[in-house]
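J.: Sequence and predicted structure below; questions after.
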Number of protein chains: 2
Amino acid sequence: MTADRASRRSGGRAARHAARTAEAVERIPFLTRTLRPVEVVGDEGLAIIEDNAETLLETVGIEVGNYPEALTIYAAHGADVEGTRVRFPRGLCRSTIQATAPKSFTQIARNPENTVTIGDPHLVFAPAYGSPFVRDLEGGRRYATIEDFRSFAKLTHMSPQLHHGGGTLCEPVDLPVNKRHFDMVYAHIRYHDRPFMGSVTHPSRAQDTIDMVKIVFGDEFVDQNTVLLSLANANSPMSWDFNMLGSAKVYAENNQATLVTPFILAGAMAPVTAAAAATQTLAEAMAGMAFCQMVRPGAPVVFGSFASSMSMQSGAPTFGTPEPALMLYTVAALARRLGVPFRSGGNLTASKVPDYQAAYESAATFVPTLLAGVNFVLHTAGWLEGGLTMGYEKFVLDADQAGAAERLVTGVDITENGQALDAMLQSGPGQHFLGNPHTLANFETAFWRSQLADNNSFEQWELEGSRDPVTRANAIKNQLLADYEMPAFDDAKDEELREWIAVRKGSFPDSDV
Amino acid sequence: MTADRASRRSGGRAARHAARTAEAVERIPFLTRTLRPVEVVGDEGLAIIEDNAETLLETVGIEVGNYPEALTIYAAHGADVEGTRVRFPRGLCRSTIQATAPKSFTQIARNPENTVTIGDPHLVFAPAYGSPFVRDLEGGRRYATIEDFRSFAKLTHMSPQLHHGGGTLCEPVDLPVNKRHFDMVYAHIRYHDRPFMGSVTHPSRAQDTIDMVKIVFGDEFVDQNTVLLSLANANSPMSWDFNMLGSAKVYAENNQATLVTPFILAGAMAPVTAAAAATQTLAEAMAGMAFCQMVRPGAPVVFGSFASSMSMQSGAPTFGTPEPALMLYTVAALARRLGVPFRSGGNLTASKVPDYQAAYESAATFVPTLLAGVNFVLHTAGWLEGGLTMGYEKFVLDADQAGAAERLVTGVDITENGQALDAMLQSGPGQHFLGNPHTLANFETAFWRSQLADNNSFEQWELEGSRDPVTRANAIKNQLLADYEMPAFDDAKDEELREWIAVRKGSFPDSDV
């Protein structure tokens, strides 16, 4: 199929058209919603979930393996520590977070025009994160390399719909595990100029990330501003490990933001219900966010949720189904009540390729993402195969849909121009509005326009080769990479950064853990 | 592409699996929502739109071409008639509707188990309506025939997710225009036993439909009960024609329901804004629904809206974009305030084939359909190419997704079992929930399961032939048609019906208008 599709690809014309369309899109550094978030559980139900989360933290507590320093920090702030188990008096985590965690914060980008605000009522889109494989029409599915990582950094730079560079755009498995973070962070600094995420696979790699951004922004600036947002996943159920919590500590100490995200497939890491998945997500996330506040009060945190269902027949994770959407709405409401920024959602799918299933599941995740009031969307673009594969064409298709989001989250225009009453009164029954002055004054911006959708007649579409959206996306991807130009960067800083990396890389042996 | 895909179809195994899965789905005659409908415009904004609609009806009014009797009826009930223009004193339409139109009503099916309630808080799914073309992997795109119509009636009968038989499942262009309604209505009576829709292309054909259902249900029963719901489209902007309004009159006189639907592509039939499209939809629909109440107070009506955007470059209609979703939420709220059942939405797309675009656009329409509080969904399954094509595989794919709706509209279970607190307290950090008693007690019904999605590993999926969802849907379609059994029907009534049709068909010449 891959070879067949690639041979049908017509490259030039559509790609040039797409490039022209892309240029016409005005770049907005992040979205601001006016639409009220959708809630699916009432206040009483949310209070029950919050109460149950406190019971979990008080009774079961969290296990903190292999990280005595965290136990000491938790104990010093009022938690009850027994061995490696940490239990929390009711309300301790919540009050710790609410006392000092910012409701929203600014993440500074290397290019100030790309600086984002994370928190209500804003919305920031980042590419998908963490896939060991990549896929495109030319090469099919294969292990990701650092060249793929750079390509996705370039595509992010070229996509006006994405606001943030993300983090592990794909796993560069051609580099040693213990050194690949140098090349990833450098690529984020060099190949695009948007905000990005740091390494979390070991506290020493978090520290390397901090040291690198200090070269770019300066020591004092980094201590006083947030330039990194990094992802710490809980080991659900109810466990935090040394690497994640240790990395979070490094970032918090340096005033950098941590995205604290329980990863829950209900049925495996939590009971099979939406309310239970939300309860456990809240408990685990509060334990992590409270830790960050104990390390450095005021260090930015984002309440993250990655909650989905699974096939109870095969155990495989499922996406785009109703239950994860209900979980998303529920946890978003819990985050608003807690008063911290919220991350979830994206264009998620279990499908292996960008096919009908991938599209339906992605949309059925992305629409709730937009409606629920998410502030930071990590897996906006590229996600395939439950996160195992980063798709090039999927990235382009998803970024296109992200472009529609602003229209939705700003809601219905009810101004005089939005009402258009005069236009309707001046017109008569049976008279079309194509030439109406109101139409002429508004038509250029009236409707969001997809770069990928084909709205032509059947005959026209057939005449143009019956091209499918994936083939169209492939042409755009190739054009974007061909048109890519590296953003400007200070030569002296670049040299300093490269030298620092070379020295640091040479200071310890390669390893695959 | 079609031939290639057909040759890859593997038929047997997946189809048998799908059939088994279908059997396991318990048949619900219609859905009942507990989730609060999503609203995107506040009360103040909705009141402005309502006020503007009254201004439109008062100032511009509606044009009623070629139908003097309607003018007389409107005039007799207080409207201001000048020539063929009908203007309404402020509030006349609204008060006429609110005085007698039912908030919800029951549409009786030939099989009483399939009788539906249309109105809040319920949700009824019907197949797509009105396509002149059909498409499947075997035959590609072609003009529809009465055999296709019968096939879609059979598929509807075999699809537990669909509650209603719909109407013009496709246009049987092999039959003369002025007689095809006999075969369509007969197919609805005979090939499935769910509620359905009657002919609206001429008042005499509406009367034929009435006469046919009287043979099935009895004269008295039809007069006292609603067994038909038929679709009257306005000629937007602000016009109603003889065929549609005349058919509505026949149905209303006979106590049958009319789905009064302005069909608006904003930019062509209305200004380019969501608020204006909603205003005009409200005005046109109120004029039509008030007419039905003037004809027979209490005759059921459904407020319909088909509002979408268009490409301002090519004039082609577009679907699944943010603006139509905003229109849908807005008009649904207006219908709730008016106090009548509401119809809109479906799985709509401009794409020519069931590809990535079709899926994304369909989901981006269907999710708002479910959230907005729609009561009757006409184009739930099969829709392609802006309604020009009814797709066999698309039908199966859409029906599958309709199966997910119940989970979404019933929201989050916050009962003790839903909270699952004991399960979490009994479990410990790091212990999975797969064998937990709560999981074992709930896993069979915990998560909605798609018949079409492939959630297996990449390796498993590849081993099974890398089949795409459309190929999987094709196998299910063929299996459903092979497994189809005609529902029982009284032989004497069947004979009477066939004889009546033969006599009536012979009583006037064929015509293609």
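T.: Cool, the structure landed.
J.: Any chance of the backbone angles for A:Trp240?
T.: Backbone torsions of A:Trp240, given as degrees, to the nearest 10, read phi -130, psi 140.
J.: Also A:Pro102?
T.: According to degrees, to the nearest 10, A:Pro102 has phi -70, psi 140.
J.: What is the neighbour count of it?
T.: Per other CB atoms under 10 Å in any protein chain shown, the neighbour tally for A:Pro102 reads 17. No exception for glycine: its C-beta is placed from N, CA and C like everyone else's.
J.: Mind checking if stretch A:414-423 is in reach of chain B?
T.: Yes - residues of stretch A:414-423 are located near chain B by CB under 8 Å from any CB of the partner chain, namely A:Ile414, A:Asn417, A:Gly418, A:Gln419, A:Ala420, A:Leu421, A:Ala423.
J.: Enumerate every residue touching the first one.
T.: Right, the one you point to is A:Ile414. For A:Ile414, the contacting residues are B:Val41, B:Gly45, B:Ile48, B:Ile49, B:Ala275, by CB atoms under 8 Å, 6 or more residues apart in numbering or on different chains.
J.: Dump the residues of stretch A:414-423 next to chain B to TSV, plus secondary structure and pLDDT.
T.: Below are those laid out as TSV (DSSP: H, G, I helix; E, B strand; the rest coil; pLDDT from 0 to 100):
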residue	secondary structure	pLDDT
A:Ile414	coil	97
A:Asn417	helix	97
A:Gly418	helix	98
A:Gln419	helix	98
A:Ala420	coil	98
A:Leu421	helix	97
A:Ala423	helix	97
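J.: before we move on, the earlier item: ok, and of the contacts of A:Ile414, which contact chain A?
T.: B:Val41, B:Gly45, B:Ile48, B:Ile49, B:Ala275.
J.: Sticking with the fourth one, tell me its helix or strand.
T.: If you go by DSSP states H and E, B:Ile49 is part of helix B:43-59.
J.: so after that helix, what's the next helix or strand?
T.: On the C-terminal side of helix B:43-59, the closest following helix or strand by DSSP H and E is strand B:62-64.
J.: what packs against whichever helix or strand comes after that following strand?
T.: Once the chain leaves strand B:62-64, the next helix or strand it forms, by DSSP H and E, is helix B:68-76. Helices and strands touching helix B:68-76, by 3 or more CB pairs under 8 Å, 6 or more residues apart in numbering or on different chains; DSSP states H and E, are strand B:62-64, strand B:80-82, strand B:85-87, helix B:242-253, helix B:274-295.
J.: what does the helix holding B:Ile49 rub up against?
T.: A:412, A:414, A:419, A:421, A:424-425, B:41, B:87-94, B:238, B:275, B:278-280, B:282-283, B:286-287, B:330, B:333-334, B:337.
J.: on that earlier part again, okay, the contacts of A:Ile414 in TSV with neighbour count and pLDDT next?
T.: TSV is the format used below for these (neighbours: other CB atoms under 10 Å in any protein chain shown; pLDDT from 0 to 100):
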residue	neighbour count	pLDDT
B:Val41	22	97
B:Gly45	21	98
B:Ile48	19	98
B:Ile49	27	98
B:Ala275	27	98
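J.: which two from those residues end up farthest apart in space?
T.: Longest distance between any two of the contacts of A:Ile414 is 8.9 Å, between B:Val41 and B:Ile48; criterion CB to CB.
J.: where do the contact lists of those two overlap?
T.: Contacts common to B:Val41 and B:Ile48, judged by CB under 8 Å, 6+ apart, are A:Ile414, B:Ala275.
J.: okay, the residues of stretch A:414-423 next to chain B in CSV with distance to A:Leu434 next?
T.: As requested, the residues of stretch A:414-423 next to chain B are exported to CSV (distance: CB to CB, whole Å):
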residue, distance to A:Leu434
A:Ile414, 24
A:Asn417, 18
A:Gly418, 19
A:Gln419, 19
A:Ala420, 14
A:Leu421, 19
A:Ala423, 12
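J.: who wins for neighbours among these?
T.: Neighbour counts for the residues of stretch A:414-423 next to chain B (other CB under 10 Å) peak at A:Ala420, which has 29 neighbours.
J.: residue contacts, that one?
T.: A:His438, B:Pro271, B:Val272, B:Thr273, B:Ala275, B:Ala276, B:Thr279.
J.: picking that back up, if any of the contacts of helix B:43-59 are buried, give me the PyMOL selection for them.
T.: Buried residues within those, by 16 or more other CB atoms under 10 Å in any protein chain shown, are selected in PyMOL with:
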select buried, (chain A and resi 412+414+419+421+424) or (chain B and resi 41+87+88+92+93+94+238+275+278+279+280+282+283+286+287+330+333+334)
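J.: And for A:Lys214, the neighbour number?
T.: Neighbour number of A:Lys214 under other CB under 10 Å is 17.
J.: Need the pLDDT of the residue nearest to it when sequence neighbours are not counted.
T.: Once flanking residues are discounted, A:Lys214 sits nearest to A:Val222: 5.1 Å by CB to CB, 6 or more residues apart in numbering or on different chains. pLDDT recorded at A:Val222 is 97.
J.: just checking, A:Val222 touches A:Tyr251?
T.: No - shown here, A:Val222 and A:Tyr251 do not form a contact pair, counting by CB atoms under 8 Å, at 10.7 Å.
J.: export the helix or strand where A:Asp211 lies as CSV, just CAs?
T.: Secondary structure from DSSP H and E places A:Asp211 in helix A:203-217. Provided in CSV are the C-alpha atoms of helix A:203-217 (Å, rounded to 0.1, in the frame of the first residue of the first chain):
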residue,chain,number,x,y,z
PRO,A,203,17.4,13.9,37.2
SER,A,204,20.9,14.3,35.8
ARG,A,205,19.4,14.7,32.3
ALA,A,206,16.9,17.3,33.7
GLN,A,207,20.0,19.1,35.1
ASP,A,208,21.7,18.9,31.6
THR,A,209,18.5,20.5,30.1
ILE,A,210,18.6,23.3,32.7
ASP,A,211,22.3,23.9,32.0
MET,A,212,21.7,24.1,28.2
VAL,A,213,18.8,26.6,28.5
LYS,A,214,21.0,28.7,30.8
ILE,A,215,23.5,29.0,28.0
VAL,A,216,20.6,30.2,25.8
PHE,A,217,18.7,32.5,28.2
